[in-house]
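Chemist: predicted model follows, preceded by the sequence.
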Amino acid sequence: MMGWMDTHCHLCLLKPEQGSVSDVVSRLASAGVHRILDVATGKDNWQCVADNAANFDVVYAGIGIHPTSEMQETEADWQLLESLVTLPKVLAVGECGLDFYHAPESECAHQYARFERQIHLAQQVNKPLIIHTRNSSQQTLDVLKSVGAGKVTGIMHCFVEDKATAQQALDIGFYLSFSGISTFKNATQVQEVMQWAPLDRLLIETDSPYLAPVPYRGKLNEPAYVAKVGEQMAKLKAISVESLAEQLEYNAQRLFRF
Ligand SMILES: [Zn+2]
Ligand SMILES: [Zn+2]
């Protein structure tokens, strides 16, 4: 069978009890996972993420600055980021976006400049964006439309928004990536959007070590578990896991231009 790709995980944030990155990677093949995208959140893990991609064939990277990162980026940091995102195994710029969950929008003004600069960077290096949005979906889409319109594409990662928001993201050429939340019994809105969204614009992820899918809910998550998200998506789409895996692989190839 064609393997799964975990399009969003954080190998640099794994907990010691999950073993080394090498241990985690060694558990992928038997779970049917053939490629993972390790995502950086700020300068403190840029090098870690770049090293993981260099050390393991199946590991690729996304490098950027998370909206809630406490990093105080300098011009030298931006230059370093610009050079890191040109590395061949860096598939995307991010994760970046807006997040008004921990503080009201009025206290998050700095997030806009940080986000806009990463949109320009993605355009410049011609790579997709990995978008994080929390309590900010309309503002995030507005920025993407005004700054990136037609010039940049990417992934709305860990998608949990409603259909209207999904439609806006699809309209500007973005892909929707679903996490283990889609396996939770009470996540009916997420499941409805998953069922409704066009197959050729879907991706799956773990966002590990967070958000472990059923039957691992509440435990630490790891990229091997992305297969559970794939099984849930196949069920909701009423297609075989084989054909879904093939479709998602095609989607990933189109987006990341393998
Ligand atoms: Zn995120
Ligand atoms: Zn993340």
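Modeler: Received, thanks. Ligands and ions are numbered 1, 2, ... in the order given.
Chemist: surely A76 is within a helix?
Modeler: Yes - counting by DSSP: H, G, I helix; E, B strand; the rest coil, A76 is located in a helix.
Chemist: all helices for this protein, in order.
Modeler: Here the chain has its helices, by DSSP state H, at 21-26, 43-55, 75-84, 109-125, 137-148, 163-171, 188-196, 226-237, 241-256.
Chemist: out of those, which is the most enclosed?
Modeler: Highest mean neighbour count of those: helix 226-237, a mean of 22 (counted as mean count of other C-beta atoms under 10 Å). For the C-beta atoms, the positions are set from N, CA and C on the backbone; glycine is no exception.
Chemist: give me the number of residues near the closest residue to ligand 1 within the stretch 101-250 of the chain?
Modeler: Per C-beta to the ion, H132 is where the stretch 101-250 of the chain lies closest to ligand 1, at 3.5 Å. Look at H132: counted by other C-beta atoms under 10 Å, it has 26 neighbours.
Chemist: partners of it in the sheet?
Modeler: With DSSP bridges as the criterion, H132 is bridged to G97.
Chemist: would you confirm that it contacts H66?
Modeler: Yes - using C-beta atoms under 8 Å, H132 is in contact with H66, at 6.3 Å.
Chemist: need the residues touching each of those two.
Modeler: Counting by C-beta atoms under 8 Å, 6 or more residues apart in numbering, the shared contacts of H132 and H66 are E95, C96, D99.
Chemist: closest one of the residues you listed to ligand 1?
Modeler: Lowest distance from ligand 1 to the shared contacts of H132 and H66 (C-beta to the ion) belongs to E95, with 5.0 Å.
Chemist: OK, contacts around the closest one?
Modeler: Contacts of E95 were listed using C-beta under 8 Å, 6+ apart, and they are H8, V39, A40, T41, G62, G64, H66, I130, I131, H132, H157.
Chemist: bridged to the closest residue to R201 other than its chain neighbours, which residues?
Modeler: In space, and not counting its chain neighbours, R201 is closest to Y175: 5.1 Å by C-beta to C-beta, 6 or more residues apart in numbering. Counting by DSSP bridges, Y175 is bridged to I155.
Chemist: Y175 reaches F256, doesn't it?
Modeler: No - Y175 is beyond contact range of F256, at 10.2 Å (criterion: C-beta under 8 Å).
Chemist: returning to that earlier point: burial check on the residue nearest to R201, number of neighbours?
Modeler: 26.
Chemist: can you list the helices of the chain in a markdown table and add mean pLDDT and distance to ligand 1?
Modeler: Below are these laid out as a markdown table (pLDDT from 0 to 100; distance: least, C-beta to the ion, whole Å):
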| stretch | mean pLDDT | distance to ligand 1 |
| --- | --- | --- |
| helix 21-26 | 98 | 19 |
| helix 43-55 | 98 | 13 |
| helix 75-84 | 98 | 17 |
| helix 109-125 | 97 | 13 |
| helix 137-148 | 95 | 11 |
| helix 163-171 | 97 | 15 |
| helix 188-196 | 98 | 15 |
| helix 226-237 | 98 | 15 |
| helix 241-256 | 98 | 17 |
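Chemist: those into a markdown table, with extra columns for distance to V214?
Modeler: Formatted as a markdown table, these follow (distance: least, C-beta to C-beta, whole Å):
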| stretch | distance to V214 |
| --- | --- |
| helix 21-26 | 20 |
| helix 43-55 | 27 |
| helix 75-84 | 35 |
| helix 109-125 | 32 |
| helix 137-148 | 25 |
| helix 163-171 | 22 |
| helix 188-196 | 12 |
| helix 226-237 | 7 |
| helix 241-256 | 16 |
